[in-house]
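Asks: fold the following and give me the result.
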Amino acid sequence: MYRVISRREFTKASLATMGLAAVGKTCDAAFASQESPAQEIVIFHTNDMHGYLVGNGKSVIGADYVSALKNSVPNALLVDAGDEIQGSPFASLTKGEDCIEVMNKTGYDAMCLGNHEFDYGIDILLERAAAAGFPMLSANVINSEGIPVTANTGCSGNGASAVLECGGRRIGVFGLTTNATAWSVLPDVIQGITFIDEIKTAEAQIAELAQQNVDAIICLAHLGDNSVPCEGTQLAQYLSDEAASKLTAIIDGHSHSVENTVVHGIAVVQTGCYLSAVGKLTLNFGNDVVSCTEELLELTTVINTTQPNDEVTQELDRVSAGQQKILSAEICLNPTTLWAGQHGSWCSVSSARIVESNYGDLVCESYLYVASEYLKSIGADDAAMVSVMNGGNSRDILTRGMLTKGDLVSISPYANTVMIKRVTPAFLKGVFEFGFSNCNGQDIQTGMLLQKEAFSNFMQTSGLTVVVDANMAVGSRVVSITLDGASEPLDLTDDQTPVILVSNSFVMTGGYTPLADVELVAEIGGILEALEKYIAYLNELNNFNGLPLLTGTKGNILFRTEGFEPAPTWTAKIILADNTGQPLANTSASIQIDSGDSVDVTSDEQGFVSIELEDGPHSLAIMPPEDTDPATRIDETYVNNYVGYGLVQNEMCSWPVITM
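Replies: Residues are numbered from 1 along each chain as shown. All right, here's what the predicted structure looks like:
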């Protein structure tokens with residue numbers, strides 16, 4: 001539904017051609033050459049796509065539909081408000097190169113630099129700007145020569161602004177990037193770069209564009225509605241009256257929110273993120289007045305009313321095919337199955353949503369690794385630092401054998417980034433209380449958690465040991481939190497002592513409610529890149545023989561309800577089956593435990609075998625032959641007495657199966 005949200009008065013006489021030259025781009029030669037300029041110009045806009053360019057019919061529209069939208073309107077432009085070349089495997093596999101190629105084919109006319117455009121370093125950013133068939137702009141990001149960082153690169157012109165010609169109209173656009181980028185990325189990737197004041201820069205850009213015979217001025221901003229020090233609405237609010245009178249709209253990004261408001265007579269609009277919607281800003285010209293209306297085009301509306309552009313679809317197919325080669329690239333040997341997703345047909349939920357997992361340990365350690373690198377690079381203390389990850393961020397099982405890039409993508413497919421915030425011990429207790437609020441209790445005799453479904457907010461963690469009493473009331477379940485290396489637990493009433501908390505952007509920005517309003521210290525790249533970097537570090541420590549053996553868990557989360565003491569061992573019950581799933585009665589086998597020693601067993605009449613194991617989780621498989629190549633993928637089964645896998649048959653699982 002359309003809504004009138006902004007009106008601006010312009011006269012051609014007051015906008016005489018003067019000032020800096022800007023890059024002009026004609027949207028359609030036929031319409032641009034018409035004698036009477038168009039009374040209506042449509043600006044389709046996106047923001048924070050993070051490489052989500054391939055449509056899936058459910059949550060992502062797809063660049064081919066966006067291109068078709070633009071082509072469906074006679075006088076239309078297509079612009080973007082930043083964060084496009086990082087944040088998903090599609091983007092990060094080629095450091096944004098594929099994203100730019102697809103955006104070129106889609107028909108983008110201009111974009112603003114987002115903070116994540118800097119994640120790969122300035123050299124890569126300039127390569128992407130050189131390859132872009134449209135200007136990549138940011139007026140307030142200045143290089144060592146004192147000019148905008150993308151100036152004189154590709155189509156970026158002066159790097160600050162451009163004039164887009166469409167339907168006989170001249171639309172001036174300029175870019176602004178949040179100054180928070182300066183302290184939210186690794187310092188070495190923005191070496192020699194200065195971020196200058198957003199409001200003063202905007203006023204200067206508006207004044208310059210107003211002297212270039214433009215019909216309207218649009219700000220492409222990556223500021224958002226939760227930025228420090230300047231939000232998109234604050235930019236509009238604090239512009240001088242003269243500057244505000246000349247600015248029609250701020251097409252914003254960064255906060256992944258939907259905006260459609262008017263501040264100081266200026267429209268401020270944003271479409272959310274991940275190409276789940278497209279904005280349609282319609283400029284109307286008449287009697288020296290520019291008015292605009294904004295409409296949010298959601299996925300169902302777009303795909304039900306538009307046919308995708310075949311050329312862009314073919315480009316997406318070509319790029320995706322090329323990425324498959326990258327996904328198959330071998331990283332290193334992995335001698336341990338990493339448990340995250342559902343464990344086969346016998347289990348209905350992921351263990352990472354119920355108990356600590358070895359994959360959860362690995363990921364949380366990767367958060368700490370990259371955060372420590374960042375803090376050391378700026379001379380900050382990283383002594384008291386912990387990490388958490390939502391269990392739902394683990395989506396697959398990594399079987400032991402050769403680890404590939406595609407494996408990491410499959411287990412961690414989301415476009416999350418690593419964020420750092422500063423909390424206190426008392427606040428940290430609240431975070432964990434929230435994480436364990438869905439506990440259904442713990443059996444005092446066996447220690448098994450009395451879950452009938454997965455925790456919706458369970459978290460993995462590292463850098464500490466948290467003791468949990470699942471039988472206590474909600475809000476009183478965290479017994480103690482002890483930092484790694486500390487001799488005494490934290491004082492959980494302490495609301496003064498700082499503790500550095502590292503997690504992914506889903507957890508930090510609202511997925512876990514207690515953290516949503518805590519001020520961001522830094523944002524330091526994607527979680528996939530963090531995991532890759534940490535795996536490379538572990539491989540190097542292991543003399544490039546692959547990952548170390550990551551069996552069991554680190555004991556970061558201990559369920560210790562009052563009256564329960566874990567026994568040294570427990571007996572796991574498993575079905576021995578053939579490759580069709582049929583139980584094998586009276587059959588002998590050698591079962592390998594945690595990629596190490598094996599035990600000889602014989603199944604009973606129902607095909608069951610019993611194995612005595614140490615307390616906690618274990619991986620079990622048929623013992624492979626001695627000459628088995630270490631790179632061979634080996635399927636294992638998972639047992640854990642705290643979840644009941646191998647202990648009982650209940651609502652969440654049947655008996656685990658080992659296939660001969």
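Asks: disregarding flanking residues, what is the spatial nearest neighbour of residue 233?
Replies: Nearest-residue entry for residue 233: residue 263, 4.8 Å, with adjacent residues in sequence omitted and distances by Cβ to Cβ, 6 or more residues apart in numbering. Every C-beta, even on glycine, is put in place using the N, C-alpha and C of the backbone.
Asks: that neighbour: how many residues sit nearby?
Replies: 19 (other Cβ atoms under 10 Å).
Asks: what separates it from residue 249, distance-wise?
Replies: As judged by Cβ to Cβ, to the nearest Å, residue 263 and residue 249 stand 11 Å apart.
Asks: again, but for residue 197
Replies: To residue 249, residue 197 is 21 Å away according to Cβ to Cβ.
Asks: more crowded one of these two?
Replies: More neighbours surround residue 249 than the other of residue 197 and residue 249, with 27 against 13 (other Cβ under 10 Å).
Asks: partner residues bridging the residue nearest to the more buried one when sequence neighbours are not counted?
Replies: The spatial neighbour of residue 249 that comes closest, neighbours along the chain excluded (Cβ to Cβ, 6+ apart), is residue 267 at 4.0 Å. Counting by DSSP bridges, residue 267 is bridged to residue 249, residue 262.
Asks: wait, residue 267 touches residue 244, no?
Replies: No - under the criterion of Cβ atoms under 8 Å, residue 267 is not in contact with residue 244, lying 11.5 Å apart.
Asks: so which of the two has more stuff around it?
Replies: Counting neighbours by other Cβ under 10 Å for residue 267 and for residue 244 shows that residue 267 has the greater number, 28 against 20.
Asks: and the more buried one, what does it touch?
Replies: Applying Cβ atoms under 8 Å, 6 or more residues apart in numbering, we find residue 267 in contact with 5-6, 248-250, 260-261, 281, 292, 294.
Asks: in stretch 149-164, what counts as buried?
Replies: By neighbour count with 16 or more other Cβ atoms under 10 Å, stretch 149-164 contains the buried residues 149-151, 153-164.
Asks: helix, strand or coil: sort out residue 529 for me.
Replies: Judged by DSSP: H, G, I helix; E, B strand; the rest coil, the three-state class of residue 529 is helix.
Asks: count of residues packed around it?
Replies: Residue 529 has 21 neighbours, counted by other Cβ under 10 Å.
Asks: name the nearest residue to it, sequence neighbours excluded.
Replies: Residue nearest to residue 529 in three dimensions, not counting chain neighbours: residue 92, with 6.1 Å by Cβ to Cβ, 6+ apart.
Asks: give me the subset of the buried residues of stretch 149-164 that lies in strands.
Replies: 161-164 (DSSP state E).
Asks: how many neighbouring residues does residue 634 have?
Replies: Residue 634 has 17 neighbours, counted by other Cβ under 10 Å.
Asks: just give the closest residue to it, not the sequence neighbours.
Replies: residue 400 (5.2 Å).
Asks: if I look at the one you found, how far off is residue 46?
Replies: In terms of Cβ to Cβ, residue 400 sits 41 Å off from residue 46.
Asks: and these two? Which one has more around it.
Replies: Neighbours per residue, other Cβ under 10 Å: of residue 400 and residue 46, the larger number sits with residue 46, 32 against 26.
Asks: how much space separates the more buried one from residue 658?
Replies: Distance from residue 46 to residue 658, by Cβ to Cβ: 49 Å.
Asks: for burial, what's the neighbour tally of residue 296?
Replies: 18.
Asks: hang on, residue 573 packs against residue 645?
Replies: No - assessed by Cβ under 8 Å, residue 573 is found out of contact with residue 645, at 10.0 Å.
Asks: give me the pLDDT for residue 560.
Replies: You'll see residue 560 listed with a pLDDT of 96.
Asks: that one reaches residue 480, doesn't it?
Replies: No - under the criterion of Cβ under 8 Å, residue 560 makes no contact with residue 480, lying 9.4 Å away.
Asks: mind giving me the domain ranges of the chain?
Replies: 4-50+62-281+295-322, 331-559, 569-659 (automatic domain parsing).
Asks: part of a helix, is residue 213?
Replies: No - counting by three-state DSSP, residue 213 is not part of a helix but coil.
Asks: where does it fall, phi/psi-wise?
Replies: Main-chain torsions, residue 213, degrees, to the nearest 10: phi 60, psi 40.
Asks: right, and it touches residue 171 too?
Replies: No - at 11.4 Å, residue 213 and residue 171 do not qualify as touching, with contact defined as Cβ under 8 Å.
Asks: those two: which is more packed in?
Replies: Taking other Cβ under 10 Å, residue 213 and residue 171 do not tie; residue 171 has more neighbours (28 against 15).
Asks: residue 60: how many residues sit nearby?
Replies: Using other Cβ under 10 Å, the number of residues around residue 60 comes to 18.
Asks: and residue 441, by the same measure?
Replies: 14.
Asks: quick one, helices of the stretch 451-600 of the chain?
Replies: Along the stretch 451-600 of the chain, counting by DSSP state H, counting those that start in this stretch, helices occupy 505-506, 527-541.
Asks: whoops, I mixed them up, the stretch 151-300 of the chain
Replies: Secondary structure of the stretch 151-300 of the chain (DSSP H, counting those that start in this stretch): helices at 181-184, 198-210, 232-238, 241-246, 299-305.
Asks: other residues contacting the first one?
Replies: Counting contacts by Cβ under 8 Å, 6+ apart, the residues outside helix 181-184 that touch it are 115, 118, 141, 190, 193, 195, 520-524.
Asks: the residue positioned nearest the centre of the chain and residue 507: what is the separation?
Replies: The chain has residue 416 as the residue nearest its centroid, 1.7 Å off, counting by Cα atoms, centre = their mean. Between residue 416 and residue 507 the computed distance is 8 Å (Cβ to Cβ).
Asks: same question, residue 482
Replies: For residue 482 relative to residue 507 (Cβ to Cβ), the value is 21 Å.
Asks: which one's more surrounded, those two?
Replies: residue 507 (26 against 14).
Asks: look up the closest residue to that one, ignoring the ones flanking it.
Replies: Using Cβ to Cβ, 6+ apart, the closest residue to residue 507 is residue 390 (5.4 Å).
Asks: look up the pLDDT of the one you found for me, please.
Replies: The model reports residue 390 with a pLDDT of 87.
Asks: and for residue 507?
Replies: 88.
Asks: in stretch 518-537, what's buried?
Replies: 518, 520-532, 534-535.
Asks: and the next helix or strand past the host helix or strand of residue 326?
Replies: Residue 326 is part of helix 310-327, with elements assigned from DSSP states H and E. Tracing the chain past helix 310-327, the next element assigned as helix or strand by DSSP H and E is strand 330-334.
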